[in-house]
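# Provided below are the primary sequence and the corresponding predicted coordinates.
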There are 2 protein chains.
Amino acid sequence: MNVSLRQLRAFVAVARTGSFTLAAESLFITQSALSGLIKELEQTLGLKVIDRSTRRIHLSDVGRNLYPLVDKILHDLDGILDEVASLKALKKGLVRVAAPQLMASTLLPEVIAAYARVHPEVTIRLVDCVVESVISRVFSGEVDFGVGPEREPNSDIAADTLFELPFMAVFPPGHRLAARPDLRWADLMGHPFISLQGQFTERLTGDLRQAVRDLTLAPTNEVAFMSTALAMVSAGLGVTVCIPYAASLVRLYRLEMRPLSDPVVARRFYVFTRDGRSLSPAAESFRAFLHAYVAEHPF
Amino acid sequence: MNVSLRQLRAFVAVARTGSFTLAAESLFITQSALSGLIKELEQTLGLKVIDRSTRRIHLSDVGRNLYPLVDKILHDLDGILDEVASLKALKKGLVRVAAPQLMASTLLPEVIAAYARVHPEVTIRLVDCVVESVISRVFSGEVDFGVGPEREPNSDIAADTLFELPFMAVFPPGHRLAARPDLRWADLMGHPFISLQGQFTERLTGDLRQAVRDLTLAPTNEVAFMSTALAMVSAGLGVTVCIPYAASLVRLYRLEMRPLSDPVVARRFYVFTRDGRSLSPAAESFRAFLHAYVAEHPF
DNA sequence: ATGCGTTTATAAGGTAATCCGATGAATGTC
DNA sequence: GACATTCATCGGATTACCTTATAAACGCAT
């Protein structure tokens, strides 16, 4: 029995209004179109569901039994379609974003606050974790997408460049480095260098050696979190480097940031998504918003 | 959002099978037709519900939420359509028939038994009542149709002739009337006449006076039920008349029936339905069966 | 009984949805 | 890189649905 939704909607509209003419109006079609829908429905079912003449309309016995059941189904379906429309219109939605701790405590809260002003009904759930967890959380589906620095390519993960920014020197106000007009990596060599554990230091060391053969970065301390590093710099225990997106945190510690050259070493940050998997409307919206925000707010 | 049932069925089939090709087979359409249905569904909804390549298929986030809800709706709808199909195929159904006591204790039980042998899943509910109630029960919708003798026409009630049969004399075996070769109404005049209350006698008296001016039927007793009349005839308290469809009851009382002429007075019996209202498949089936039964079993 | 206003049914023609068969493009495996 | 298989697209045909016009039916008033 190949009945159609249009036919069922026509039937319910007639049952509700008691008139073909009024039912047609309620469905925004002409009376003759509605008459044809009812005729085809009855032919497909093989029995009458509406007894009518030009002056009277009644549901048949079968029609009377059918009406509340079909009415409920259409009501449920319309509820589902409304739900989808709400998701599409960003009238509701949930976005889960994984990001490393530094991202999660500097850039992203700003972007999320700005986004909430535009789309208050969408919930952004920030999942802060170590850099190495970002991609695995994306892969597992635990989050909609992740934000973080470049890592080994993975065929199941798509990486979309968010920004590429250079490292900058960070030191306390009044530090001897503050007096130099143009800072070079070599200038940092005479000072205790505080770095981050893991690929941060490995990649940095590799990049420097590749650019200047005898430039060797020997961290005097390797800590897990940038906030620890900044606190130590603030305490006069050395200097560090970081990417400009963390400027807000550097200012919080009342530290100074200066560009570094010879060489300029940059890091790319990406939005990671599962390859071949679409984002929900809300996630796609926030992803695009993040890209636009970063493009509009140079650090 | 004008989605169609075909599109929703396509979506659920893909979700269930994990393949466009297998989903198309399960819906008895080609793979390209199914591909088009999914494409149109996503265009109508304005978002992706299925992420796919030539080698992989996943439901999107929205698709994953949508699937169980749509699946349930389609399951419920198919249940309803199966119900309608069962009603149409007479695999289920209830028919309520109103009939006068005499009809209800002679003809109709026979017909219902015969019908049950052909359509065991249909329930026939016999509502026995006085003649005058038959039409009002049809009118009120309390029964699907009624069976009974002619009464004043009513524009809301349609009357479809079931049979037209003549009155016959009823008397005990060995009665003086049994010796006569051809009985005439005048022959009954010399005997106590037991009649039925109400329009039975009024209509009969009117018909007889209309045919033969000085033929006056003066019942010596008027009772409510034919069974009472037959019992009294059996006890030798008089004679009566009745319509041949009640022959089984007359035999039960071991009485004899003979045709009556000068005049032949016939009564029409009808199937009464509400005008402009269709019968359910089961009711229509039983109504047709009743007509056929009566045509095939002359009394 | 007749005329009238209004409602449902039908006809003709047009558009949208759905379908088929053929084939292109993509993809994982060998 | 070749191959088998799956999804996407194209062109054409059919079906479902729609509009406008109009016929048929019907309850009411006269």
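Cool, got the structure.

# Residues of chain A that sit close to DNA strand C?
Neighbours of DNA strand C within chain A, by CB under 7 Å from any atom of the strand: A:19-21, A:31-32, A:35-36, A:38-39, A:52-55, A:57, A:276. C-beta coordinates here come from the backbone N, C-alpha and C atoms, glycine included.

# one more time with 10 Å, if that's ok
Within chain A, the positions near DNA strand C by CB under 10 Å from any atom of the strand are A:2, A:4-6, A:14, A:17-25, A:30-39, A:42, A:48, A:50-57, A:155-156, A:275-276.

# Quick one: buried ones out of those residues?
A:5-6, A:14, A:17, A:19-20, A:23-24, A:34-35, A:37-38, A:42, A:48, A:50-52, A:57 (16 or more other CB atoms under 10 Å in any protein chain shown).

# Check those one by one and keep those near DNA strand D.
A:5-6, A:24, A:34-35, A:37, A:52.

# For chain A, give the helix that spans the most residues.
If you go by DSSP state H, chain A has its longest helix at helix A:61-88.

# Give the buried residues for that helix.
A:61-63, A:65-67, A:70, A:73-74, A:77, A:80-81, A:83-84, A:87-88.

# Show the end-to-end separation of stretch A:182-199, please.
27 Å (CA to CA, to the nearest Å).

# Tell me the buried residues in it?
Quick answer for stretch A:182-199 (16+ other CB under 10 Å): A:183-185, A:187-188, A:191-196.

# the helices in the stretch 1-150 of chain A, which residues?
A:5-17, A:20-26, A:31-45, A:61-88, A:101-104, A:107-118, A:131-140 (DSSP state H, counting those that start in this stretch).

# Turn those helices into CSV, columns for distance to B:Arg287.
What follows is those, written out as CSV (distance: least, CB to CB, whole Å):
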stretch, distance to B:Arg287
helix A:5-17, 25
helix A:20-26, 28
helix A:31-45, 19
helix A:61-88, 13
helix A:101-104, 77
helix A:107-118, 67
helix A:131-140, 66
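
# what's the closest of those to B:Tyr245?
helix A:61-88 (28.2 Å; CB to CB).

# Could you check how many residues crowd around A:Ala169?
A:Ala169 is flanked by 25 other residues according to other CB atoms under 10 Å in any protein chain shown.

# try the one 4 residues further on
When counting by other CB under 10 Å, one arrives at 9 neighbours for A:Pro173.

# contacting residues around it?
By CB atoms under 8 Å, 6 or more residues apart in numbering or on different chains, A:Pro173 lies in contact with A:254-256.

# Pick out whichever of the residues you listed sits closest to A:Leu162.
Relative to A:Leu162, and with distances defined as CB to CB, the nearest of those is A:Leu255, at 24.4 Å.

# from what I can see that closest one touches A:Ala235, true?
No. With contact taken as CB atoms under 8 Å, A:Leu255 and A:Ala235 are classed as non-touching, separated by 10.9 Å.

# between those two, who's got more neighbours?
Set side by side, A:Leu255 and A:Ala235 show more neighbours around A:Leu255, with 22 against 10, by other CB under 10 Å.

# Not counting residues beside it along the chain, what's closest to that one?
Excluding its sequence neighbours, the residue lying closest to A:Leu255 (CB to CB, 6 or more residues apart in numbering or on different chains) is A:Val170, at 5.3 Å.

# Assumed that neighbour was part of a strand.
Yes. Under DSSP: H, G, I helix; E, B strand; the rest coil, A:Val170 sits within a strand.
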